[in-house]
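In: can you look at this prediction? I've put the sequence above it.
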Amino acid sequence: MNLLTVAHRGNSAYAPENTLAAFASAAAAGAAMIETDLQLSADGAVVLIHDDTLNRTAGRDGRVADLTASELQSADAGSWFSQDYAGERVPVLADLVDFAAGHPNLGWLLEFKGEWNPDQIAAAAAPLREAGLAERCVLQGFSPRTVRSLHAAAPDIERGLLITMQPVAGEERQFLRFLTETAAGYCNPHGGILRSSPQLVSLLQDEGVKVCVWTLNEPDQWEAAAAAGVDGIITDRPGELAEWSRLA
């Protein structure tokens, strides 16, 4: 089955999310693409972390936006998961670029958390281009403003819109118009949308938009998503999904 296996925050069922250890584990497990989260530190560095604070995954108080990159990288981003990963750092974008250079077959699904303006996007996109990674990346966000910024500042890099709800009845044309205006080649929905509106997949694909659904971790969910015709599945268990897809 030709189904894109996307590792959610790396191989996050088996290694601490959004760390280089999780990325290495995902690559070894057979993921085709790795999804990770981008935020800005207080000094404007791009850091890879999902939550607004360090409390859950880095064992200390503090908001990401209030701390410098150095302060963020001094935190332990591994011990919360297992002592085997004690000392894992919160990566910065340069770490991702270096890792990607050693894994040339991996794609990257980069979620820009919150609101980003075009200047901020441009600064984040520049090192991806310089490292020759642009063609291996999809840049995405939940915020329409951020997706518009992606289109304005990085039109050469594929982009996508994340959604948690299906378009309201009667607003489908406006929704599709937004994807066209921003040249978004992906629209990535929460898995619950497939259960309530499986027809959304064909609606998007008929417009040339690819669909990667998140975050599905069980074979019955994978089967339903495949039956709906999705292009890819975002999962915490990329190794199991890759094996299921191979045998299905």
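Out: Arrived safely, thanks for sending.
In: show me where the protein has its helices.
Out: Secondary structure of the chain (DSSP state H): helices located at 20-29, 55-58, 69-73, 93-101, 118-130, 144-153, 172-181, 191-196, 199-205, 219-228, 238-247.
In: need the ones you listed in TSV (columns: distance to residue 112).
Out: (Each C-beta comes from the backbone N, C-alpha and C, glycine too.) Shown next, in TSV, are these (distance: least, C-beta to C-beta, whole Å):
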stretch	distance to residue 112
helix 20-29	18
helix 55-58	19
helix 69-73	17
helix 93-101	12
helix 118-130	7
helix 144-153	5
helix 172-181	16
helix 191-196	21
helix 199-205	20
helix 219-228	24
helix 238-247	22
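In: which of those helices sits closest to residue 164?
Out: Closest approach to residue 164 among the helices of the chain (C-beta to C-beta): helix 191-196, 7.7 Å.
In: now for that closest one, which elements pack on it?
Out: helix 199-205, strand 212-213, helix 219-228 (3 or more C-beta pairs under 8 Å, 6 or more residues apart in numbering; DSSP states H and E).
In: is it possible to get a markdown table of the ones you listed that adds mean pLDDT, mean neighbour count and distance to residue 40?
Out: Output for those, formatted as a markdown table (pLDDT from 0 to 100; neighbours: other C-beta atoms under 10 Å; distance: least, C-beta to C-beta, whole Å):
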| stretch | mean pLDDT | mean neighbour count | distance to residue 40 |
| --- | --- | --- | --- |
| helix 199-205 | 95 | 18 | 30 |
| strand 212-213 | 98 | 26 | 25 |
| helix 219-228 | 96 | 16 | 32 |
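In: which of those sits closest to residue 88?
Out: Among the helices and strands packed on helix 191-196, strand 212-213 sits nearest to residue 88 (C-beta to C-beta), with 26.3 Å.
In: list the strands paired with the closest one, with their directions.
Out: Here strand 212-213 is paired, per DSSP bridges, with strand 232-235 (parallel).
In: contacts for the strand it pairs with?
Out: If you take C-beta atoms under 8 Å, 6 or more residues apart in numbering as the criterion, strand 232-235 is touched by 3-8, 32-33, 35, 109, 188, 210-217, 222, 225-226, 241.
In: give me that answer again for 7 Å
Out: In this structure, residues lying in contact with strand 232-235 by C-beta atoms under 7 Å, 6 or more residues apart in numbering are 3-6, 8, 35, 212-217, 222, 225, 241.
In: looking at the helices of the chain, which has the lowest confidence?
Out: Here the helices of the chain differ in mean pLDDT, and the lowest is helix 191-196 at a mean of 91.
In: which positions within it qualify as buried?
Out: Within helix 191-196, the residues scored as buried using 16 or more other C-beta atoms under 10 Å are 191, 193-194.
In: returning to that earlier point: deepest-packed of the helices of the chain, please.
Out: When you average the neighbours per residue for each of those (mean count of other C-beta atoms under 10 Å), helix 20-29 leads with a mean of 22.
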